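**Q** below: sequence and its predicted model.
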Amino acid sequence: MKLMEEIKKFFMTPKNLILLVAGPLFFTFLFGMVYRNDYLNDIPTAILDMDKSANSRMLVTEFEQNDRYSVKYFPSNTEGLRELIENKKVHAALFIPPDFDQDIKKGKGTKAALFIDGSNIAIGNNALSSGLEILNTVNGGIHMNLLQAKGVPPRLSENYAKIFEFESRVLWDPKLSYKYYIIPGIVIMVVQQLFLSAFTPNFVADPKNILEKSFIHAFMGAFTYLLCLFMLENIVGIHLNGNPLIASGLMGVYLLCLIGISMVIGSLLRNPLKVTQFCMMLSVPTMLTAGYIWPSFAVPKWTEILVKIFWPLTYILSPIRDFLIKGRFPEGFITNFMQLLAFGLGWAVLGYFLMKKQLKTQKREESEIG
Amino acid sequence: MIKRLKKYIMPFLLIFLIPQIANILICIMMSEKQLREIPTAVYLGDNTSLTRTIVNSFDEHETFDIKYFVEDPYEIEELMKQGKILFGLVIPKDFTKDLKKLKSPKLMTVTDGTQLSSASFLKVSASEILLSLKGGVLIDVMRGKFNMSYDQAKNAVMAIDITSRILGNPTRNYVNFLLPGMILSMVQAGMGMTAAAALDKSSQKNIFLDAIVKMLACSGLGLISTAMILWVQIRFFDVPMKANFGKIGLLCGVFCICVCSIGIMLSSIFKDKMLASQVAAVYFLPSSILSGYTWPLLSMPVFFQKFAFFLPFTHFGELLRDLLLKGHSNFYFKNVTVLFSMAAIAIGAAMAVLLCQGHILRREAKSLEADGGN
């Protein structure tokens, strides 16, 4: 009966539906579109070729034909090249010195300089790794030509140049896109934030039927998360290897484990506006401390424990992402899951006592006024 | 007195305390700054001195930490699924024999693509190691087969030596790249939400003066919080500050005024403080992503590139990073002007809305009086 009452209340409040259904779907769509381009391609690039020889043109062509670079400018001097970099018209620049060809032919070896704007790591790493690949290809070609000039047959010179090869295999996300990396985590964070923004003010406004209220909010959060996963797979184009139903079930459990800490926040702040503002502020720190952006093996152990005591996102963020993308939970997940349940229970007890205390104070204040 | 102080607890919490605590905690968590000692597995199908040299090169590199030697190459994928490693190196059987027979044997590197932060480091580091190893092997072969000196062989094998210079963040330091802007985006959200819920239209005070005072108060607190965050990052976590203090201070000040002006504008538009606060959160919170601070704007669809112009953080985050890491930016005056203009437009719009609302209220009051008279 109480459950029916809470279900009715939930659906009769449009704000709940906006926060717990429309909100996560909107943000999933928004971020899905932002990261829609798989790859960091077409990095604006400038080339200053001071040699203009066959070999320098070969290097220029390699850069022009590489998807990663979009060669947009050919300045005539170093001043022009520097200006392009400083005005952010380009994020990468190649400088080919004079006598480039002559030095190669004389067997002296030569140097070219690749400047990369490293202030953005995403651009810097991608540009650098492609630059290394081009260098490998061009050096191989020049080496083959040199050997042939020494009378080595073409086939044999190719074998020399390719003395050994290396293949780089990237599993689950061969294009190393932000899409697979960040969106599954952001969606979990968004559902968490909007769940807190819906549940906590509702709890503050009406602290009755907590159990029923928790279930309906957590169920709706998990259901919307399932819809978000369908959106990720069918609109954003993220291939999910894990079962979305299992992931949303886990999400439901996670949201239930947030109830206790929501009750603590609600009981301490006692004002829906303050509660909403406070909960909204948690998005960035909870995401950055959850071992998702910066992996937990690179984090001091004590900080990991501290985070685990105060916020539970770290228990599920990477495991759910791994499950969805790889199709399997990482080792140690069961322990994490048990810790999550313990977290939920511990904070629920604390939240319950704080709520009781707050209700008593409220009654006393009311009777004093009365 | 206590009641009056209580009023300021929430702004203090949102604009100052939460960002400061988050700043210290996250900076400590990322104090390694670069991803090092990434768990790695090796399949050594061919155990010779050459292959052992290859494995040693990886083990000695700061990026890799070889934790497992597996019996089967497929175990690498299994370990990755279990989350135990993020990188694998596969050296096939008869690698050395095939190399000597000039059969071009193939080494394989396997990277866990779901962890982009580590994967991009791993890919670059593995390429660097393997290219230099390949060069070394080729030099030895050239010297042996063609009687070349070391220099001759080196110049034949690596005819072009590309010197890569990474500008701004040469060590690819994650703290320098991510944290100044990310933490300040929290201060931004705190200021935005506080300002959006600041105006009390039912009070009898001069609402225009109240709006200006609250905007300046929020900006002031935001600026103090911003300065404190940057000081902690620079002083204790080695974030460089290459531009002068005044330049950075002016940028931060104009940014805080801009954000609070937009907050006050929202406060003037929405009657419900909660709704105004939520709109401010929706507008400000995703801006560290939408402004191109982490994922570059040039990779976003055109619509988002255009939309980003309307977010104050677009004109602040990247510029601040450039000032800290490079010491200068040709966009300084342009961005400061844009932020200042946004602030002026927002505060102007807020005044206009308040003026209209006042006018409507007075008209309603007059018509009520007239109705009462009749």
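**A** Arrived safely.

**Q** where do the helices sit along the stretch 1-150 of chain B?
**A** Assigned by DSSP state H, counting those that start in this stretch, the helices in the stretch 1-150 of chain B fall at B:2-11, B:18-29, B:49-60, B:74-81, B:95-100, B:116-146, B:150-157.

**Q** same question for the stretch 151-300 of chain B.
**A** Assigned by DSSP H, counting those that start in this stretch, the helices in the stretch 151-300 of chain B fall at B:174-196, B:207-237, B:245-269, B:273-284, B:287-290.

**Q** quick one on the thing from earlier: make JSON lines out of the helices of the stretch 1-150 of chain B and add distance to chain A, mean neighbour count and mean pLDDT.
**A** Just so you know, the C-beta spots here come from the backbone N, C-alpha and C atoms, and that holds for glycine as well. Below are the helices of the stretch 1-150 of chain B laid out as JSON lines (distance: least, Cβ to the nearest Cβ, whole Å; neighbours: other Cβ atoms under 10 Å in any protein chain shown; pLDDT from 0 to 100):
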{"stretch": "helix B:2-11", "distance to chain A": "5", "mean neighbour count": "11", "mean pLDDT": "81"}
{"stretch": "helix B:18-29", "distance to chain A": "4", "mean neighbour count": "20", "mean pLDDT": "96"}
{"stretch": "helix B:49-60", "distance to chain A": "10", "mean neighbour count": "15", "mean pLDDT": "92"}
{"stretch": "helix B:74-81", "distance to chain A": "5", "mean neighbour count": "19", "mean pLDDT": "92"}
{"stretch": "helix B:95-100", "distance to chain A": "5", "mean neighbour count": "16", "mean pLDDT": "88"}
{"stretch": "helix B:116-146", "distance to chain A": "4", "mean neighbour count": "19", "mean pLDDT": "84"}
{"stretch": "helix B:150-157", "distance to chain A": "3", "mean neighbour count": "19", "mean pLDDT": "79"}
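
**Q** closest one to A:S130 among those?
**A** Taking Cβ to Cβ, helix B:116-146 is the member of these nearest to A:S130, at 9.7 Å.

**Q** starting at the chain centroid, how far to the closest one?
**A** Here helix B:116-146 shows a centroid-to-chain-centroid distance of 31 Å under the convention Cα atoms, centre = their mean, to the nearest Å.

**Q** could you check the angle helix B:150-157 makes with it?
**A** Using axes from the mean of the first three to the mean of the last three Cα atoms, to 10 degrees, the inter-axis angle of helix B:116-146 relative to helix B:150-157 is 120 degrees.

**Q** ok so, going back, out of the helices of the stretch 1-150 of chain B, nearest to A:L258?
**A** When those are compared by Cβ to Cβ, helix B:18-29 sits nearest A:L258, at 17.8 Å.

**Q** packing partners for that closest one?
**A** Applying 3 or more Cβ pairs under 8 Å, 6 or more residues apart in numbering or on different chains; DSSP states H and E, we find helix B:18-29 packed against helix A:283-288, helix A:301-310, helix B:174-196, helix B:207-237.

**Q** ok, and which of those helices has the densest surroundings?
**A** helix B:174-196 (a mean of 27; mean count of other Cβ atoms under 10 Å in any protein chain shown).

**Q** now distance to B:V239 too, for the helices of the stretch 1-150 of chain B, in JSON lines please.
**A** Below are the helices of the stretch 1-150 of chain B laid out as JSON lines (distance: least, Cβ to Cβ, whole Å):
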{"stretch": "helix B:2-11", "distance to B:V239": "26"}
{"stretch": "helix B:18-29", "distance to B:V239": "9"}
{"stretch": "helix B:49-60", "distance to B:V239": "29"}
{"stretch": "helix B:74-81", "distance to B:V239": "33"}
{"stretch": "helix B:95-100", "distance to B:V239": "44"}
{"stretch": "helix B:116-146", "distance to B:V239": "18"}
{"stretch": "helix B:150-157", "distance to B:V239": "39"}
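
**Q** out of those helices, which gets nearest to A:I235?
**A** Across the helices of the stretch 1-150 of chain B (criterion: Cβ to Cβ), the nearest stretch is helix B:116-146, sitting at 21.3 Å.

**Q** got the angle for that closest one vs helix B:49-60?
**A** Our comparison of helix B:116-146 with helix B:49-60, counting by the same axes, to 10 degrees, yields an angle of 150 degrees.

**Q** which stretches of the chain have low pLDDT?
**A** Here I'm looking at chain A. Applying pLDDT under 70 to chain A flags residues A:38-40, A:370.

**Q** ah, I was thinking of chain B
**A** For chain B, the stretches with pLDDT under 70 are B:1-3, B:162, B:203-204, B:372-374.

**Q** on that earlier part again, can you lay out the helices of the stretch 151-300 of chain B as JSON lines showing distance to A:E62?
**A** Formatted as JSON lines, these follow (distance: least, Cβ to Cβ, whole Å):
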{"stretch": "helix B:174-196", "distance to A:E62": "28"}
{"stretch": "helix B:207-237", "distance to A:E62": "39"}
{"stretch": "helix B:245-269", "distance to A:E62": "40"}
{"stretch": "helix B:273-284", "distance to A:E62": "43"}
{"stretch": "helix B:287-290", "distance to A:E62": "33"}
